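Trainee: sequence and predicted structure are below.
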Amino acid sequence: MTLHLCYRLNANWPPGAWIAHCRRGASEIEVVHGADVAATPDWFGEVIWDGPYDDGAFDTTDVVFGSGARRRDHGLTFVSSASTVDRLQAFERGDDTWVSNSLACLLAVSGAKLDVGYRGYSHAFRTITRGLRRHQRVIPTSAEPVRLVYFNNIRWDGARLTDVPKPNPRRDLTSFAGYTAFVDGALARLAENMGVAARPVRYEFLGTVSSGYDSAAVAALTRRHGLREVITFTEARSGQPDSGADVGAALGLTVRSFSRDGWQTGAAPELPFLAGDGKGEDVYFRAAEPLLRGRVLVTGFHGDKMWDAATRALSPDIVRGDQSGLSLTEYRLWAGFIHLPVAFLGVRQIRDVHALAHSPELAPWDIGGSYTRPICRRLVEEAGVPRGAFGQRKNAASVHFYYHGQFLSRDSTSDFLAWLDEHPAAPSRPVLGRRTRAQYVTGLAAELLQRTAARSPSALHVLQSVGDRLAAYANRERLFVHVFPWAIERVMDRYRS
């Protein structure tokens, strides 16, 4: 049976969103999509890849970002981004199957609802940090479960969905020249693909830069292929300065500076971020929203594992240290950009890249200590940035909504509490900010451990780590486990028009 793609544009949807409705035994696949989604007889998507645009062969490469689907050989292959900061989701009920790049869209169109009483949604998304083989693959709904698809592809053959691994070519990444040649070549081909005039949107690169390693290395690499502008956030989560303005200027790039707290404008600004992964830590990107439409945002997410000389996460299954970047998966569809985390290029050969970081070839760029990334340092220093201008300390800009005192914005908190009262399936809510007895006791223990460790930081590093973990638990807002279904329900309204 030959499958046919039938399209309907919904200009009211987020520009990057799409959903495909497949029926068992039917030859037509109905695709509803936003304004930025390319729609051709053989493929559709908001997608860039390292090949000619007219061929639409993004199902044959592991250098692909965004999402879409390609029709060939009496089947339709749905292609996920070659990273774990994006995903597809699928829902099967009877003879009907839906696949979408938005969980909120999938639920709104299929009619399924989340289980308000289920407390494990945010944890389910966090499990992707364990790697491709160990993450939670389904989440519950009022009907059948929703399937989460990271990195790899899935294929519809007219009757059912099957898993399709991404192509996995072996590259020579054992030398600095070999590794940079691969990344340079991939970025060059991506730049050519994303700028084709036939696209609904001709994309341009937009970078990020901070005082750390990863974003600076990404900017140094991508400026060779058309990057002209970067954004920076002036302070880290700790309140310490984190601006990368000097680094950007040394690279010859235009730098746009934003406050980390600049996202706090408008009504319920957190919603699309929380609806992405139940955590929402990348909400600070909203401050730069006017610059995001029509861009390929190049970031350094996963550089802490791919490039850090001290990393032990050397699995080709892509084990991460955290889920940073994942909360952009819904928001980017609204803002109209494609996310390209450059550290994921060649990510399944992380052992080769780690060996390169420890090679004699990179020794002059290894500054020692617990925060050293020789590959990044060489890239940035050889691009003209002085050694002392970056990579001196590790900062983070992420926003942690789940702590007491750092919950949602005022209007969002009011709406969330009202939503809880309207949903009897949700457990009766405690007072916002009130700790349980266990949290109170844990907080006292955390304080004791942290004070003890502070007397001898080097010798008592383990105590400091345990104390920090206990403090995180003690300060966690108990209501946060219910934030995800609230956010999804509110975001679903965007897809009901």
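Mentor: Done, it's in. The structure presented is a predicted model; accordingly, all values stated were derived computationally and were not measured. Numbering: from 1, shown residues only.

Trainee: could you list the buried residues of stretch 488-497?
Mentor: Buried residues in stretch 488-497, counting neighbours by 16 or more other C-beta atoms under 10 Å, are found at 488-492, 494-495. To be clear about C-beta, it is placed using only N, CA and C from the backbone, and glycine gets the same treatment.

Trainee: can you list the residues you listed in a markdown table and add secondary structure, distance to Val255 and pLDDT?
Mentor: Formatted as a markdown table, the buried residues of stretch 488-497 follow (DSSP: H, G, I helix; E, B strand; the rest coil; distance: C-beta to C-beta, whole Å; pLDDT from 0 to 100):
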| residue | secondary structure | distance to Val255 | pLDDT |
| --- | --- | --- | --- |
| Ile488 | helix | 35 | 97 |
| Glu489 | helix | 38 | 96 |
| Arg490 | helix | 34 | 97 |
| Val491 | helix | 32 | 98 |
| Met492 | helix | 37 | 97 |
| Arg494 | helix | 32 | 96 |
| Tyr495 | helix | 36 | 97 |
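
Trainee: just put these in CSV and tack on distance to Leu3.
Mentor: Formatted as CSV, the buried residues of stretch 488-497 follow (distance: C-beta to C-beta, whole Å):
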residue, distance to Leu3
Ile488, 30
Glu489, 33
Arg490, 35
Val491, 30
Met492, 28
Arg494, 29
Tyr495, 24
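
Trainee: tell me the one of those residues nearest Leu345?
Mentor: Nearest to Leu345 out of the buried residues of stretch 488-497 is Val491 (C-beta to C-beta; 30.4 Å).

Trainee: the closest one and Tyr118, how far apart?
Mentor: Applying C-beta to C-beta, to the nearest Å, the value for Val491 to Tyr118 is 18 Å.

Trainee: equivalent analysis for Gly325, please.
Mentor: Distance from Gly325 to Tyr118, by C-beta to C-beta: 24 Å.

Trainee: what of Arg378?
Mentor: Arg378 is 47 Å from Tyr118, by C-beta to C-beta.

Trainee: in this protein, where's the longest strand?
Mentor: Secondary structure of the chain per DSSP state E: the longest strand is strand 64-72.

Trainee: what sits closest to Gly248 if chain neighbours are left out?
Mentor: Val255 (3.9 Å; C-beta to C-beta, 6 or more residues apart in numbering).

Trainee: quick one: that neighbour and Gly34, what's the gap?
Mentor: 30 Å.

Trainee: of the two, who's got more company?
Mentor: Gly34 (24 against 19; other C-beta atoms under 10 Å).

Trainee: Arg378 and Tyr118: which is more packed in?
Mentor: Comparing Arg378 with Tyr118 by neighbour count (other C-beta under 10 Å), the higher total belongs to Arg378, at 20 against 17.

Trainee: tell me which element the more buried one is part of?
Mentor: helix 374-382 (DSSP states H and E).

Trainee: and the helix or strand following that helix, what does it pack against?
Mentor: Next in sequence after helix 374-382, counting helices and strands by DSSP H and E, comes helix 410-422. For helix 410-422, the packing partners by 3 or more C-beta pairs under 8 Å, 6 or more residues apart in numbering; DSSP states H and E come out as helix 483-492.

Trainee: how far off centre is the helix it packs on?
Mentor: 18 Å (C-alpha atoms, centre = their mean, to the nearest Å).

Trainee: what does it contact?
Mentor: Contacts to helix 483-492, defined as C-beta atoms under 8 Å, 6 or more residues apart in numbering, come from residues 103-105, 107-108, 113-116, 118, 121-122, 268, 270-272, 274-275, 278, 280, 330, 401, 408, 415-416, 419-420, 426.

Trainee: pull out the buried members of those.
Mentor: Buried among the contacts of helix 483-492 by 16+ other C-beta under 10 Å: 103-105, 107-108, 114, 116, 118, 121-122, 268, 270-272, 274-275, 278, 280, 330, 401, 408, 415-416, 419-420, 426.

Trainee: contact partners for the residue nearest to Gly248?
Mentor: Per C-beta under 8 Å, 6+ apart, neighbours of Val255: 209, 229-232, 244-245, 248-249.
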